[in-house]
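1. What shape does this take:
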Amino acid sequence: MDIREEESDIRAFFSRLKNRDFSGNVGIALKNSIYQFSTTLIGKIGALILTIVLARLLMPEIFGLYSLALSTIIIFVAFSDLGIGDTLVRFVSKELGKRNIAKAKAYSEYLIKIKVFIMLAVSLILILSAKFISENYYHKPLTFALMAGSLYILFGGGVVILQALLQAHNFFKPILYREAIFQILRIIIIPIFVLLSIKNLSPEFLVSAIILILSLSFAISVLLLYVFSKKTIFVGTLRTPKKTLSKKDKTNVKKFVLLNSTIILSGIFFGYIDIVMLGYFVSSEYIGYYQGAFSFINAAISLITFSGALLPIFSRLNKGKMNTFLEKTTKVVSLVSIILFLFIFFAAEPLILTIFGQEYASSINILRILSLLLLSIPITTIYSTYFLSSGKPGVVSKFLVISTIINIILNYLLISYFISHSSLYATYGAAAATIISRYSFMIFLMVYRRRNIKKKN
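-> Numbering: from 1, shown residues only. So this is what the prediction gives:
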């Protein structure tokens, strides 16, 4: 009976899509999911196009510098966010659902103040530490690029604040438009700038200028989102009487931020620690080889993980049906993952040489090693979404922290061991560390769920 009901729910879902029926709470959730899906898709495609174009224009050495600078900046971005955007969405939307506009406004003001303070503090820390990181840790000319990253943090943070406010008020369309404009701007402006200036600027100033253009693209995004917000959400809140949050309210906010920040920081370190550690041990061209290979994996993974994008909608069903859907989704995604893994593993050489050029031939074996991620990350994404939808973010947080620690330790041990053979072997070590830690995370989640089911039975 459960399976029949589930199939009926799935048919109803696709029927709504076909008839463009977005009425009621389910319809709103469906429409917002489509906007989120489209926004993510545009972001993934835009990022891949920019990566390929920059890799071809900059060549491995400068492309490696750019990748290292951006990875470092993104780690600082994570510290400037700490999940405050998600917290704002959760608490503000909850109060808006109760029609408690005054309290929703109080939550917004409280969280925005915290966000702005942290953004300014982290930006200042990045400016002050840029020279030390560049000269004493990386031993590479990245000082000005990291300083430019302070603007990336500020304008990117502004985008996070405004998008969170719009999401809390169920306005997802402007976020989609913002993403499209942002991607178009950077895909057009950055390559043109590089073509015009690559012969006249040193690698350090060229990378710094690219980071500045990215920051300015975010600034334009902030302006667009502000204009839309001013016409919609700000109009209704300006006349709302001021309300102060209680001590209990603030404590609840801090607890949620703490849990969210643990997941976000662990996830960022999980994703970027390999590049950061390679930055210490190898010259920039090897980082370029590594990043070139990883860009293929990210693109392929985005194709697979979209198949699990509807899981949060179906998680509104009871636990039994959610478990059934999880298992079905896992089977389908696993099949697609295996096909993509085999394709990329055996076609690594023509893919790299055709898209990136002969200069990136050293990326071929790195891509073959990293292709194993195609078998683990999509499954991990589905299981993580399952636990988050089940109201168990602590499970994801705990295993993510453990896996991140494993990742850091393995990256250091394997890179430092293989660097004695060659810099290219060191990149193989980083790839191996990433594979082992990612599979560890997947296994932790799968084993925990299996044991949980056995206990209940």
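2. switch to C-alpha atoms for all contacts and neighbour counts from now on
-> Will do.
3. for the protein, which helix is longest?
-> The residue-count maximum for a helix in the chain (DSSP state H) belongs to helix 24-81.
4. helices or strands next to that one in the packing?
-> helix 101-132, helix 143-168, helix 173-197, helix 203-231, helix 247-281, helix 284-305 (3 or more CA pairs under 8 Å, 6 or more residues apart in numbering; DSSP states H and E).
5. looking at those helices, which is buried most?
-> Across the helices and strands packed on helix 24-81, averaging neighbours per residue (mean count of other CA atoms under 10 Å) puts helix 143-168 on top, at a mean of 24.
6. tell me the angle it makes with helix 24-81.
-> If you take axes from the mean of the first three to the mean of the last three CA atoms, to 10 degrees, helix 143-168 sits at 160 degrees to helix 24-81.
7. who are the neighbours of helix 143-168, in terms of helices and strands?
-> Against helix 143-168 (3+ CA pairs under 8 Å, 6+ apart) you get helix 24-81, helix 84-97, helix 101-132, helix 203-231.
8. Q291 is nearest to which of those helices?
-> helix 24-81 (7.0 Å; CA to CA).
9. Now do the closest one, average pLDDT.
-> Across helix 24-81, pLDDT averages out at 85.
10. can you check stretch 339-349 too?
-> Stretch 339-349 comes out at a mean pLDDT of 94.
11. contact partners of stretch 172-188?
-> Contacts to stretch 172-188, defined as CA atoms under 8 Å, 6 or more residues apart in numbering, come from residues 32, 35-36, 38-39, 42-43, 46-47, 49-50, 163, 166, 213-214, 217-218, 220-221, 224-225, 228.
12. Spatially central residue in the chain, please.
-> Nearest residue to the geometric centre of the chain (CA atoms, centre = their mean): I268, 7.9 Å.
13. Can you get me a residue count around the spatially closest residue to P203 that is not a sequence neighbour?
-> In this structure, P203 finds its nearest non-sequential neighbour in I62, 6.1 Å apart by CA to CA, 6 or more residues apart in numbering. Applying other CA atoms under 10 Å, we find 22 residues neighbouring I62.
14. Would you agree I62 is in contact with I287?
-> No: applying CA atoms under 8 Å, one finds I62 not in contact with I287, separated by 9.6 Å.
15. Which of the helices or strands spans F444?
-> helix 423-456 (DSSP states H and E).
16. Now do that helix against helix 284-305: the angle between them, please.
-> 30 degrees.
17. Please point out which parts of helix 423-456 sit buried.
-> By 16 or more other CA atoms under 10 Å, the buried positions in helix 423-456 come out as 423-446, 449.
18. where does this protein have its least confident helix or strand?
-> Here the helix or strand of the chain ranked lowest by mean pLDDT, DSSP states H and E is helix 311-314, holding a mean of 45.
19. Next, the buried residues of the helix or strand following that helix.
-> Next helix or strand after helix 311-314 toward the C-terminus (DSSP H and E): helix 319-346. Using 16+ other CA under 10 Å as the test for burial, helix 319-346 gives 321-323, 325-326, 329-330, 333-334, 336-337, 340-341, 344-345.
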